[in-house]
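J.: just a sequence and a predicted model for now, questions to come.
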Amino acid sequence: RLLGEAGVLQQDFGQAIITAAFVDDILSLILFNILFSLKGEFNVFATVVSPIIGIIFMAIAMVLAVKFWPKAINEWILAKIPQRPGDRKVAVEDEALFLIMMLLLVAYGTITHFLGTHLWGCFIAGMSFACIDKHHWPHHVWVKQTKRATSWMIRIFFSATVAFSIPIGQLLSIEAFLKGSLMGIGPCILTKVLCALFMGDARFVIGWAMVGRAEFAYLIAQMAAAANMIDEATFSICIWALLYATVFAPFIFRTVLNRYILREGIDCGPAVYDDSDGEEEVDLDGLGESSHDHHQAQTKHKLDFDGGAVESTTFGKEFDDLDKIDLEDVDPKSKAQTERRFGFGRAPARSVAENPNGFLCCLFFKKVGLH
C-alpha cells in the first residue's frame, strides 16, 4: 500500500518487495501447514505427504493462472455470455467473473483443507486471477462486491478470536514485556531489516518493507494457543513481539522510502492508495503531461442552457472561460443547476483528497480529483 501511495510500485525495488512478500507468504503457508500437523502423534501423511501434494498443486495452479485462466475467462466464458439490455448497476461480465472467483475459491479451499489448511487454497485462488488482461479488473470486481462485508466481518472475526483470547494479566507483566521486546527487536525486526543487504542502495527500503506483520501472524499465534501448542506466557510474548513490528514498521518504512526517493531522484508514477471505502484512488500528479491533459479533456461538458444565452458548441467551454459567461438572462432554475454543475462562484480548487470535481477511473473505480 505504501509503495502504491508513493508511486514507486513499478520500480525495480518495488517489484522486488512484492516478489519477496509473495514468496514469504507461500513459505509461511507451507510452514503453517507443517507446524499444525505436529499436534499429537507424528503423522507421516499430514506432516510430509500433504505439504508435498500441496506444493505440487500450487505449482499446477500457477501454470493455470498464467496459461489457462486468462484465455478461458476472456475468450471462452465471457465472450459467450449474452448481453442484457438496459443500464445495469453491475455489468454481466462482472457478475460472471465474480461467480468464477467464488467457485474457484470454494474449490481450491476445499482441496487444501484436506491437505492441512483452507488458507492455502484461498491464497492460490486469488493468485489465479493475477494475469487477467484488463488491468486490476478482477481486483476491482472482488473489492466492489465484498468490501462492505469484509470490512465489518474482519473486525468481528479478529475481535472474537485474537482479541478475546489475549490474557491481559499475563500480557501486562514485566516478564512478558521484556521478553516480547527482545523478540520484537531481534527476530521480528532486525532479521527482516538485514535480509536485503545484497540489494544495493535500496537494501534498507526492502528490509523495512518486509518487517510489517498483518493479521495472519496474530491468527497463527492464537490458533497455536487454542491448540495448546504454546502456553499463555509464550502467547503474550508473541503478541508483544508482533506489536513491535506492527507499530513501528509502517512509520519507519515510510521515512526510509521517502529519503531514498529524494536521494536517488526517482521519478514517481501516479500515486495509488486506498480510501476509506477500501477502493484504490489515483493521484494525477504523478501522470505525464499528456495523460493529465487527456483526463482534463474528459471533464469538459457541453453547455446547453434553456434560456439560450450561451450557444452550444461541439467541444463545450473551457473551465477558464466559465467566469466570463453572463447568466443574467438565463432562467433561474437553469442558472442554479449550472452553478452546481460547474462551480461558478466557488472558492479556489482544493487538494485532490478534498476536491469534489473529478471522474471515476475505469481502471480502479475511483474518483480522481483534478487540480
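T.: Yes, it's here.
J.: roughly how far apart are residue 187 and residue 181?
T.: 12 Å (C-beta to C-beta, to the nearest Å). Backbone N, C-alpha and C define where each C-beta goes, glycine included.
J.: of these two, give the one with the bigger neighbour count.
T.: residue 181 (15 against 12; other C-beta atoms under 10 Å).
J.: right, and that one touches residue 239 too?
T.: No: using C-beta atoms under 8 Å as the test, residue 181 is too far from residue 239 to be in contact (11.8 Å).
J.: what is in contact with residue 187 and residue 181 at once?
T.: The contact sets of residue 187 and residue 181 overlap at residue 241 (C-beta atoms under 8 Å, 6 or more residues apart in numbering).
J.: so what's residue 112 closest to, chain neighbours aside?
T.: Distance criterion C-beta to C-beta, 6 or more residues apart in numbering; nearest residue to residue 112, sequence neighbours excluded, is residue 121 at 3.5 Å.
J.: can you say which helix or strand has that neighbour in it?
T.: helix 118-127 (DSSP states H and E).
J.: and the angle from the helix or strand following that helix to helix 118-127?
T.: Per DSSP H and E, the first helix or strand lying C-terminal to helix 118-127 is helix 137-158. Angle of helix 137-158 versus helix 118-127, following axes from the mean of the first three to the mean of the last three C-alpha atoms, to 10 degrees, is 160 degrees.
J.: okay, and the helix or strand of the chain with the least pLDDT?
T.: strand 358-361 (a mean of 34; mean pLDDT, DSSP states H and E).
J.: need the contact list for residue 112.
T.: Neighbouring residues of residue 112 by C-beta under 8 Å, 6+ apart: 54, 57, 118, 119, 120, 121, 124.
J.: and the nearest residue to residue 203 once chain neighbours are set aside, what does it touch?
T.: Nearest residue to residue 203, sequence neighbours excluded (C-beta to C-beta, 6+ apart): residue 196, at 4.8 Å. Going by C-beta under 8 Å, 6+ apart, residue 196 touches 16, 20, 202, 203, 204, 206, 207, 210.
J.: list just the nearest of the residues you listed to residue 61.
T.: Of all those, residue 20 has the smallest distance to residue 61: 20.4 Å, by C-beta to C-beta.
J.: count residues in the vicinity of the closest one, would you?
T.: Residue neighbour count, defined by other C-beta under 10 Å, stands at 17 for residue 20.
J.: how about the one 10 residues further on?
T.: By the measure other C-beta under 10 Å, the count of residues near residue 30 is 17.
J.: element containing it, please.
T.: helix 12-36.
J.: quick check: what element follows that helix along the chain?
T.: Using DSSP H and E, the next helix or strand after helix 12-36 towards the C-terminus is helix 44.
J.: other residues contacting that next one?
T.: The contact list for helix 44, computed with C-beta under 8 Å, 6+ apart, is empty.
J.: same question for stretch 75-89.
T.: With C-beta under 8 Å, 6+ apart, stretch 75-89 has contacts from 92, 93, 96, 97, 100.
J.: same thing but at 6 Å, please
T.: For stretch 75-89, contacts defined as C-beta atoms under 6 Å, 6 or more residues apart in numbering pick out 92, 93, 96.
J.: what of stretch 162-173?
T.: Outside stretch 162-173, the residues that touch it by C-beta under 6 Å, 6+ apart are 176, 218, 222, 232, 233, 236.
J.: how far off centre is that stretch?
T.: Chain-centre distance of stretch 162-173: 30 Å, with C-alpha atoms, centre = their mean, to the nearest Å.
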